[in-house]
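Asks: Predicted model follows, preceded by the sequence.
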Amino acid sequence: MSPKRTPLYGVHVAAGARIVEFGGWEMPVQYSSILDEHRAVRGACGMFDVSHMGEVEFTGPNALATVQRLIANDAARLALNQGLYTQMCTEEGGIVDDLIIYRLGDQHIFMVINAATTDADLEWIRAHGLPNTDIRDRSADFALIALQGPRAQDILSQICPADLAAQKYFRIIPETRVAGRSARIARTGYTGEDGFEIFTTPEDAGPVWEALMKAGRGAGLLPAGLGARDTLRLEAGYLLYGQDMDRTITPLEAGLGWSVKLEKGGFIGRDALARQKEQGLRRRLVGFEVMDRAVARHGYPVLSGGAKIGDVTSGTFSPTLVKSIGMGCVPAAHAEPGSEVQVEIRGKAVPARVVKLPFYKRPR
């Protein structure tokens, strides 16, 4: 099957982006350089095409109950137009996908899911939905543009009439306009910086992208690709589904216990997670710094005393911190910050130290 293309594919090619396949999509990995794009997001603003993400809408008398059954977090506590981060789990507690939901009405939930898992997620959702719930795949109805960085609000406010200064983090404006085009805007992102994710129609994606580029011309805005998105999210301690988590690891083991609300009542995987919490974790996903400029990559062995204890799930050289960083799943005995481990890099055991996540926090 040929890779899919987002509505902005032609824009990326015209801008000279290097295109790669990611999650079944042809996506820009970089335009200029990953380093320049990374620094633009940290210091000014970067813009990403994330139209490959999936969207699902739940309506009907049991919409909220269905979502509550599917997710580990508590959707019932959301105010109107508020969102939260959560996971869907298997009965064994493994992560089916991580996602964001927004409450657009009493019985109206808008869910954003990962691109590579969209088909499997929809199958899972429909298999576990409750009666009197209308579940609609809206993925083809939306293009999604992420505007990220300290100048994001200044740039977007030039072409959007909404009161962005009043919009809080993890809130969504369900109906507004950007460059005269219909849009909904969430104050969310995957970079560790302030920013917005702009949902618009596939037909309007090109004009909105070009209008944002024009508005940001004097503010340091750069288009950015998957390469910078990965280094940015890793610095911020954000996990990537399919690498740092999947159906073989639970949210508790992945360090996402803060988003698991056992007290809300029944949901798929609750009993397994409650048992695991009571019995204690045998392994944990941790962050680590490599005590060398050598870069730990996905799949490299993590060692202790020369013996393998785990694997690197994500790794990079951090442009912001100017050091090699990574994540890996290790036994709980090695998971405390300050624990000394090694990473096998090109046949050499390179010293590393477990550190508290995130690696980077944006200045307030």
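Replies: Cool, got the structure.

Asks: Now do the same for stretch 298-306: mean pLDDT, whole number.
Replies: For stretch 298-306, mean pLDDT is 97.

Asks: what does it contact?
Replies: Contacts with stretch 298-306, where a contact means Cβ atoms under 8 Å, 6 or more residues apart in numbering, come from 243, 288, 308-315, 328, 330, 334, 340-345, 349, 352. Yep, even glycine has a C-beta here, placed from its N, CA and C like the rest.

Asks: Stretch 202-214 too?
Replies: Against stretch 202-214 from outside (Cβ under 8 Å, 6+ apart): 6-8, 10-11, 47, 49, 51, 140-143, 145, 147, 155-156, 159, 178-179, 181-183, 198, 200, 221, 223.

Asks: Please indicate which of the contacts of stretch 298-306 are buried?
Replies: 243, 288, 309-310, 312-315, 328, 330, 334, 341-345, 352 (16 or more other Cβ atoms under 10 Å).

Asks: Out of those residues, which sit inside strands?
Replies: Judged by DSSP state E, the buried ones among the contacts of stretch 298-306 include 288, 309-310, 312-315, 328, 330, 341-345, 352 as members of strands.

Asks: need the next SSE after the lengthiest helix in the chain, C-terminal direction.
Replies: Counting by DSSP state H, the longest helix found in the chain is helix 202-215. Later in the chain than helix 202-215, the nearest helix or strand by DSSP states H and E is strand 221-223.

Asks: Tell me the gap between the helix or strand just after that following strand and the middle of its chain.
Replies: Proceeding N to C from strand 221-223, the next assigned helix or strand is helix 226-235, under DSSP H and E. Counting by Cα atoms, centre = their mean, to the nearest Å, helix 226-235 is centred 10 Å from the centre of its parent chain.

Asks: helices and strands around the following helix or strand past helix 226-235, which ones?
Replies: For helix 226-235, the succeeding helix or strand toward the C-terminus, using DSSP H and E, is helix 270-279. Applying 3 or more Cβ pairs under 8 Å, 6 or more residues apart in numbering; DSSP states H and E, one finds that helix 270-279 contacts no other helix or strand.

Asks: can you list contacts of helix 270-279?
Replies: Residues outside helix 270-279 that contact it (Cβ under 8 Å, 6+ apart): 72, 89, 91-93, 250-253, 257, 260, 262.

Asks: what's the answer for stretch 77-85, then?
Replies: Against stretch 77-85 from outside (Cβ under 8 Å, 6+ apart): 73-75, 98-105, 170-174, 186, 188, 259.

Asks: run the last query once more with 7 Å
Replies: Applying Cβ atoms under 7 Å, 6 or more residues apart in numbering, the external contacts of stretch 77-85 come out as 73, 100-104, 170-172, 174, 186, 188, 259.

Asks: same question, stretch 34-43
Replies: 30-31, 46, 148-149, 191, 193, 220, 222, 224-225, 227-228, 231-232, 319-320.

Asks: hmm, back to that, just the buried ones from the contacts of stretch 202-214?
Replies: Taking 16+ other Cβ under 10 Å as the criterion, what is buried in the contacts of stretch 202-214 is 6-8, 11, 47, 49, 51, 142-143, 145, 147, 155-156, 159, 178-179, 181, 183, 198, 200, 221, 223.

Asks: Give me the subset of these lying in helices.
Replies: Using DSSP H, the subset of these located in helices is 11, 155-156.

Asks: Looking at these, which one is closest to Arg297?
Replies: For those, the minimum distance to Arg297 (Cβ to Cβ) is 30.7 Å, reached by Val11.

Asks: tell me the contacts of the closest residue to Phe48 other than its chain neighbours?
Replies: Take Phe48 and drop its neighbours on the chain: the residue closest to it by Cβ to Cβ, 6 or more residues apart in numbering is Ala146, 4.3 Å away. Counting by Cβ under 7 Å, 6+ apart, Ala146 touches 47-48, 50, 189, 195, 197.
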